[in-house]
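Visitor: Pasting the sequence and the predicted model now:
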Amino acid sequence: MFARFIIGLSIIISALGLTLPSDQLTNRETLVEAAHNARMLVRDVNTGTMASVYPNTSDLAGRPFAMMEYHAPCYSNGSLTLILMPISRSTQNIFQDPGHHIAYTVNMPTEGIKSPMSRSRVALMGNVTTLRDISLEESEKLSKCYTKFHPDSKFWLPGNSDSPHFSLWARLDLDTIYYVGGFGNIHYIGSIPVDLYAKSQYKVQKDYKLKENDILQNVWENDLDLDLNQIVF
Ligand SMILES: *[C@@H]1O[C@H](CO)[C@@H](O)[C@H](O)[C@H]1NC(C)=O
Ligand SMILES: *[C@@H]1O[C@H](CO)[C@@H](O)[C@H](O)[C@H]1NC(C)=O
Ligand SMILES: *[C@@H]1O[C@H](CO)[C@@H](O)[C@H](O)[C@H]1NC(C)=O
């Protein structure tokens, strides 16, 4: 409910943004800029919130669970490296979900910011593949990349015999991305196509060809299935 309220609020702010003079609108963050900015966000902020769903065997079946996790952006296409520990609730939920789905959100730090709502955040949705049978070489590559972002993780890297808990390498592959750049008058709010995100690591893809349905000017009507008149404050 709260998330929906927040989304609703951003949408309304975004809708209000459309009444601004058009010179301000032309400076609004574009989809292609948003894709690059989202990549930078996920590179620069190394913790996020992982949302999973309790399995049908649980008393809390079907209910969402979200908790802080680490990620490392070790793949050029935007897939993320994770360390899964079977002792963790999130990992158990992933293992017991036949599709191994999660949503993983990363947000800009908000300390000292007058309006944290002005800060960007992105939800990366997809499925998790456990990397059980990888070569020593690949495992070393992952360790090198992961510890660059999380030096403290050296104590619980997969294969470390001193680790307090058994752990496994895993990869989150994305199929859906939702980005809120900040207030909608100057920031992009909406879906980011996975193929665009995959190519946006180093630069804004200026020549990216938008498909008809990637143009999200009607995002608050189409993408969210939300009737603004129904929102009660
Ligand atoms: C629970 O999920 C498993 C697989 O995910 C399925 O095989 C089983 O039939 C489900 N049980 C119920 C009670 O829905
Ligand atoms: C991204 O790269 C990973 C690792 O090479 C691959 O397994 C995954 O399928 C790729 N994802 C997409 C969307 O192409
Ligand atoms: C993740 O999704 C892809 C594409 O839908 C699928 O091919 C793959 O088997 C899935 N992986 C897992 C671990 O479920």
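Guide: Looks like it arrived, so ask away. Ligands and ions are numbered 1, 2, ... in the order given.
Visitor: Would you check that residue 109 makes contact with residue 45?
Guide: Yes. Using C-beta atoms under 8 Å, residue 109 is in contact with residue 45, at 6.9 Å. The C-beta positions use only the backbone N, C-alpha and C, and glycine is treated the same way.
Visitor: out of the two, which sits in the busier spot?
Guide: Counted by other C-beta atoms under 10 Å, residue 109 and residue 45 do not tie: residue 45 has more neighbours, with 17 against 10.
Visitor: Which parts of this structure are strands?
Guide: Secondary structure of the chain, counting by DSSP state E: strands at 47-53, 64-70, 80-84, 101-107, 121-130, 168-180, 189-191.
Visitor: ok, for residue 138, nearest residue in space, not its chain neighbours?
Guide: Beyond its immediate neighbours in the sequence, the residue positioned closest to residue 138 (C-beta to C-beta, 6 or more residues apart in numbering) is residue 131, lying 7.7 Å away.
Visitor: That neighbour: what's it in contact with?
Guide: Shown in contact with residue 131 (C-beta atoms under 8 Å, 6 or more residues apart in numbering): 138, 142, 168, 169, 170, 171.
Visitor: and it, how far is that from ligand 3?
Guide: Applying C-beta to the nearest ligand atom, to the nearest Å, the value for residue 131 to ligand 3 is 10 Å.
Visitor: again with residue 110
Guide: As defined by C-beta to the nearest ligand atom, residue 110 lies at a distance of 32 Å from ligand 3.
Visitor: Kindly report the same for residue 90.
Guide: In this view, residue 90 and ligand 3 are 15 Å apart by C-beta to the nearest ligand atom.
Visitor: Might one say that residue 56 is in contact with residue 63?
Guide: No. Taking contacts as C-beta under 8 Å, residue 56 lies outside contact range of residue 63: 11.0 Å.
Visitor: Show the pLDDT at the residue in the chain positioned nearest to ligand 3.
Guide: In the chain, no residue comes nearer to ligand 3 than residue 127, which is 3.6 Å away by C-beta to the nearest ligand atom. With respect to pLDDT, residue 127 has a value of 98.
Visitor: Over to residue 95?
Guide: Confidence at residue 95, expressed as pLDDT, is 96.
Visitor: pLDDT below threshold where in this protein?
Guide: Across the chain, the ranges flagged by pLDDT under 70 are 1-26, 205-233.
Visitor: Return the residues of the chain in contact with ligand 3.
Guide: Residues of the chain that fall close to ligand 3, judged by C-beta under 6 Å from any ligand atom: 99, 100, 127, 129, 173.
Visitor: Which members of the residues you listed are classed as buried?
Guide: Applying 16 or more other C-beta atoms under 10 Å to the residues of the chain next to ligand 3, the neighbour count classes 100, 173 as buried.
Visitor: Mind putting the residues of the chain next to ligand 3 into JSON lines with distance to residue 71?
Guide: Formatted as JSON lines, the residues of the chain next to ligand 3 follow (distance: C-beta to C-beta, whole Å):
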{"residue": "99", "distance to residue 71": "19"}
{"residue": "100", "distance to residue 71": "16"}
{"residue": "127", "distance to residue 71": "15"}
{"residue": "129", "distance to residue 71": "14"}
{"residue": "173", "distance to residue 71": "13"}
